[in-house]
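Q: okay, predicted coordinates and the sequence, questions at the end:
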Amino acid sequence: MDDIAWGTDAELTDEQFYNRGEEILWIKNILETTSKGSPPTIMLVGIRGVGKTVLIKKIKKELESDYLICYTDLSATSGYQMGKLTEISIMEDLFDCWVKEFRGRKLPTAHKKLSKLLTTKNYGLREIIDVGGYPIPIPKSEDDYKKLSKFVLDLPQKAFEEHSDKISGVILIIDEFQVLKDLGERLDAFLWFLRSVIQNQKNVAYVFSGSLTSTDSIVAKIAGGEGAFGGRMLNVEIAPFTQETVKNYLKEKLPSLIFKEDGFHRFYQCTKGIPYYVNTFAKLLKKDVPLGDEEVKDEFYRTLPFLAVDLINQWGRLSLQEQTIVTILVDKPLRRKEIAEKLGVTTGSLGAPFKKLQERRLIKSHEGVYTISEPILKAWLVKEHKDKGVFPFRGT
């Protein structure tokens, strides 16, 4: 029976989940040291679509009967979505997450004490608004933000101390943490403040997960030698599936998908073993007919708009100059000076667009040479140019 999820599914059934057993066991074993008063701080990274969120949510599901677990996706917060990510908006999101978990686990005492603390302690609050039956604090100023932030970050440890007879520990999962880059110059101060508060917590584990690689600049800021958590954070990088894993996965989960030998090699070349693309492309391919190299290639170009939907959305939010930089790199990798010459601008003027494109993981640099980092985006641009005679710039 065919049982394969779409690449966009953030949560899978046990039947749909495949592989990653070693990673799950390793991460669970580390997180369970929290129950012994030795909580870890973990950084989980991997390229977009490799399955980090699915992995995290499966671990959460397997541990949540014994642990109080708060999961938050920073990219889904209102502050980030509105382009106004601030330290206060992050704390408000965490506060909201914890209160929902308290209520979900039926810890009414914690909820009542929370309301009492907010109304009796001097946290410099402008007001306390009621949302869905629980209090949301609004600080008066940046100075008051620090008091409130410490209060919010202390909540999980206090929750454990109050309910140690019901829970083995507390785990905070912060997904898509790479959006913290939006804090700009305030990022370092925020990270060091975060460390100062949580480093003495004995029953709270932290998991930071992000769509990036271990070489990304924010990883160095957090876990590098001089980073806020340098030497105190366990780094885990989730890799794409190998050819053998993909072959066994499709054979087990989607037996109606039949490849000739060269057809499977083409399929793996197109998807790079990234689960998002493996699942989505496999779902869209013809079933019950042997697919060779040419058939898979034709289907790949036919289905590119579906495979690249997230990247196409990102493309539409780029400026004309940013789009042009990407298209210049379609033919071959280039140095910054060469790109500037093609654009007719100075190299210094490319700092901001390069930073944005790299932060969105659309281009990357190695030894001063820039390339498109998303093969699917490159393939879509080539197809658009071939079909229409022009790249899909704004207004075309």
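A: Perfect, thanks for sending it. Because the structure is predicted, anything quoted here is derived from the model rather than measured.
Q: which residues does the one helix or strand Arg195 maps to contact?
A: Take DSSP states H and E as the rule and Arg195 turns out to sit in helix 187-198. With C-beta atoms under 8 Å, 6 or more residues apart in numbering as the test, helix 187-198 has contacts from 41, 87, 90, 146, 149-150, 153-154, 180-181, 183, 204, 206, 218, 221-222, 227-229, 232. Where you see a C-beta, it was placed from the backbone N, CA and C, and this is true even at glycine.
Q: in space, what's closest to Val179 - neighbours in sequence excluded?
A: Closest residue in space to Val179, ignoring its immediate chain neighbours: Leu74 at 4.8 Å, by C-beta to C-beta, 6 or more residues apart in numbering.
Q: what's the burial count for the one you found?
A: 23 (other C-beta atoms under 10 Å).
Q: check Ala220 too.
A: Other residues close to Ala220 by other C-beta under 10 Å number 14.
Q: repeat for Phe393
A: Phe393, neighbours per other C-beta under 10 Å, totals 13.
Q: contacting residues around it?
A: Taking C-beta under 8 Å, 6+ apart as the test, what Phe393 contacts is 320, 323-324, 327.
Q: please flag which of the contacts of helix 187-198 sit within helices.
A: Taking DSSP state H as the definition of helices, these contribute 87, 90, 146, 149-150, 153-154, 218, 221-222.
Q: could you dump these to JSON lines with pLDDT, neighbour count and distance to Phe281?
A: JSON lines is the format used below for the ones in helices among the contacts of helix 187-198 (pLDDT from 0 to 100; neighbours: other C-beta atoms under 10 Å; distance: C-beta to C-beta, whole Å):
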{"residue": "Glu87", "pLDDT": "86", "neighbour count": "21", "distance to Phe281": "40"}
{"residue": "Ile90", "pLDDT": "89", "neighbour count": "23", "distance to Phe281": "36"}
{"residue": "Lys146", "pLDDT": "71", "neighbour count": "17", "distance to Phe281": "48"}
{"residue": "Ser149", "pLDDT": "81", "neighbour count": "22", "distance to Phe281": "44"}
{"residue": "Lys150", "pLDDT": "81", "neighbour count": "15", "distance to Phe281": "47"}
{"residue": "Leu153", "pLDDT": "89", "neighbour count": "21", "distance to Phe281": "42"}
{"residue": "Asp154", "pLDDT": "87", "neighbour count": "14", "distance to Phe281": "46"}
{"residue": "Ile218", "pLDDT": "80", "neighbour count": "21", "distance to Phe281": "30"}
{"residue": "Lys221", "pLDDT": "80", "neighbour count": "19", "distance to Phe281": "35"}
{"residue": "Ile222", "pLDDT": "83", "neighbour count": "26", "distance to Phe281": "33"}
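Q: ok, those vs Lys297, which is closest?
A: Taking C-beta to C-beta as the measure, Lys297 lies nearest Ile218 of the ones in helices among the contacts of helix 187-198, at 36.6 Å.
Q: low-confidence ranges, the protein, go.
A: 1-3, 7-16, 108-145, 394-396 (pLDDT under 70).
Q: how is it divided into domains?
A: Residue ranges for each domain of the chain read 21-106+143-237, 243-307, 310-388, as given by automatic domain parsing.
Q: columns distance to Trp6 on top of those domains, output as CSV?
A: Formatted as CSV, those follow (distance: least, C-beta to C-beta, whole Å):
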stretch, distance to Trp6
domain 21-106+143-237, 12
domain 243-307, 6
domain 310-388, 13
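Q: and the strands in the stretch 251-396 of the chain?
A: 334-335, 363-366, 369-372 (DSSP state E, counting those that start in this stretch).
Q: so which of those strands is the most surrounded?
A: strand 369-372 (a mean of 18; mean count of other C-beta atoms under 10 Å).
Q: parallel or antiparallel, which strands does that strand pair with?
A: With DSSP bridges as the test, strand 369-372 is paired with strand 334-335 (antiparallel), strand 363-366 (antiparallel).
Q: show me the contact partners of it.
A: 326, 329-330, 333-336, 339, 354, 362-365, 378.
Q: return the member of the residues you listed nearest to Lys100.
A: Nearest to Lys100 among the contacts of strand 369-372, with distances taken as C-beta to C-beta, is Leu362, at 34.2 Å.
Q: identify the residue nearest the residue nearest the centre of the chain in space, chain neighbours excluded?
A: Central residue of the chain (C-alpha atoms, centre = their mean): Glu176, 3.1 Å from the mean position. Computed as C-beta to C-beta, 6+ apart, the closest residue to Glu176 that is not its neighbour in sequence is Ser75, at 3.9 Å.
Q: for the residue nearest to the centre of the chain, phi and psi?
A: phi 60, psi 40 (degrees, to the nearest 10).
Q: quick one: it and Asp73 touch, right?
A: Yes. In this structure, Glu176 is within contact of Asp73 by C-beta atoms under 8 Å, at 5.5 Å.
Q: Gln199: how many residues sit nearby?
A: Gln199 has 11 nearby residues by other C-beta under 10 Å.
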